[in-house]
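Peer 1: Fold the following and give me the result.
(one chain, ligands or ions: 1)
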Amino acid sequence: MALREGDLVVIWIDPRRVYLARVEGGKKLETDKGFINLGDLIGKEYGDVVKISKGLAFVMRPSLDYIYAGLHRPSQVLYPKDIGYMIFKSGISPGDIVVEAGTGSGFLTISLAHFLGDRGRVITYDVREDMQEKARKNVNFLGYSDRVEFKIGDVREKIEERDVNAVFLDMPDPWLAVNNAYKALKPSGVLVVFVPTTNQIEKTYFSMKEIGYANVEVVELILREYQVKENATRPRSIGVAHTGYIITGRKSIKGSSEIT
Ligand SMILES: C[S@@+](CC[C@H](N)C(=O)[O-])C[C@H]1O[C@@H](n2cnc3c(N)ncnc32)[C@H](O)[C@@H]1O
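Peer 2: Residues are numbered from 1 along each chain as shown. Coordinates of the predicted model:
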C-alpha cells in the first residue's frame, strides 16, 4: 500500500543508522549520511529503497524492534530480550488490562501497548512527572495514546486498580510494592518484576512468598550476539554483558504457603 502523509516509517541506512519518522511534507530527516525529505516518501511503499542525499535508504514498516531502536531513552530502559520473556511469562493476551511501574522512558509501556492492541490498556505509574512527560511523547508519537493511561503516584503507597491481568514492576525497591500489586491482581494474575542486582532478588522473592504469591521463579536471560565472517564466526567481543533478573509469581487466593 502506498505511503500517505502521517504514516510511521523506519528509515534504515545501515545497522547503526536506523531512524523512526513520520511521512510529512516539508519535513527533513537529517543524518550524518545525508538527509531525506520525508514528504518525498508519499506514494512510496514499505520495502522500497529510496535515494537520500548521500546514498540509499531502506523504507520499512515499523516493527517493535526498530521502534525500540529509534526512540529517545532518558532513563535506563529494559532490553528486548527481557521484555519478550516478561510478556511471555505474564500470560497476558490482546485486550487485557495491566498495571506498570515505573514508567521511565516508557519502553515497556510501549511494548505492552503494542502487544495488547486497540482494546487493551496499560496503566502506568511513576513518581516523576518529568519522566512521564518524556514517555508520553514516545507513546503519542507512536499513536498509542488511547491504549495508555499515565498516573503520577508511588506504587509502594497505592495501586488504585483492581482485577488486572498482570502487574509489571521495574523500580528500585519493588519488594515494597508487591503487596499493593497483589491487591490489584485478579486471582491467578501474574506479577512480573525486573531488578538489576541480586540483593534485590532476595528481598522481592521473600516478600512475594510471605504475601501469598505462588509459582515464584527467578531467571536471568543471557543473550549472545554473533559476528558472522567467513572462517571467523564467533560471539561479538563487545555488547551488553548484564541487564538484570526477572522474578515472576501468580496471585493465589488461598495463599502460597503450601504451594511452591
Ligand atoms: C528504570 S526506570 C523504568 C524503565 C522502564 N521500564 C522502561 O523500559 O523505559 C524506573 C522508574 O521507576 C520510577 N519509580 C521509582 N520508584 C517508584 C515508585 N515507588 N512508584 C512509581 N514509580 C517509581 C522512577 O522514577 C523511574 O522513572
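
Peer 1: Helices along this structure, start to end?
Peer 2: Taking DSSP state H as the test, the helices found in the chain are 64-70, 80-90, 107-116, 129-141, 178-184, 198-211.

Peer 1: who in this protein is up against the ligand?
Peer 2: 75-78, 101-108, 125-128, 131, 154-156, 170-172 (CB under 6 Å from any ligand atom). C-betas here are computed from N, CA, C, even on glycine.

Peer 1: ok, back up a step: so can I have JSON lines of the helices of the chain showing mean pLDDT?
Peer 2: Below are the helices of the chain laid out as JSON lines (pLDDT from 0 to 100):
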{"stretch": "helix 64-70", "mean pLDDT": "81"}
{"stretch": "helix 80-90", "mean pLDDT": "96"}
{"stretch": "helix 107-116", "mean pLDDT": "96"}
{"stretch": "helix 129-141", "mean pLDDT": "93"}
{"stretch": "helix 178-184", "mean pLDDT": "98"}
{"stretch": "helix 198-211", "mean pLDDT": "97"}
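
Peer 1: Quick one, which of these gets closest to Asp32.
Peer 2: Closest to Asp32 of those, according to CB to CB: helix 64-70, at 15.8 Å.

Peer 1: And the closest one, what does it pack against?
Peer 2: Here helix 64-70 touches strand 8-14, strand 17-22, helix 80-90, helix 107-116, going by 3 or more CB pairs under 8 Å, 6 or more residues apart in numbering; DSSP states H and E.

Peer 1: Show me this protein divided up by domain.
Peer 2: 8-68, 71-251 (automatic domain parsing).

Peer 1: quick one: contacts for the residue nearest to the spatial centre of the chain?
Peer 2: For the chain, Leu108 is the residue whose C-alpha lies nearest the centre (CA atoms, centre = their mean; 2.3 Å). Contact analysis of Leu108 by CB atoms under 8 Å, 6 or more residues apart in numbering lists Val77, Leu78, Ile83, Met86, Glu100, Phe168, Asp170.

Peer 1: let's see it at 6 Å
Peer 2: Counting by CB atoms under 6 Å, 6 or more residues apart in numbering, Leu108 makes contact with Leu78.

Peer 1: No further queries at this time; thank you.
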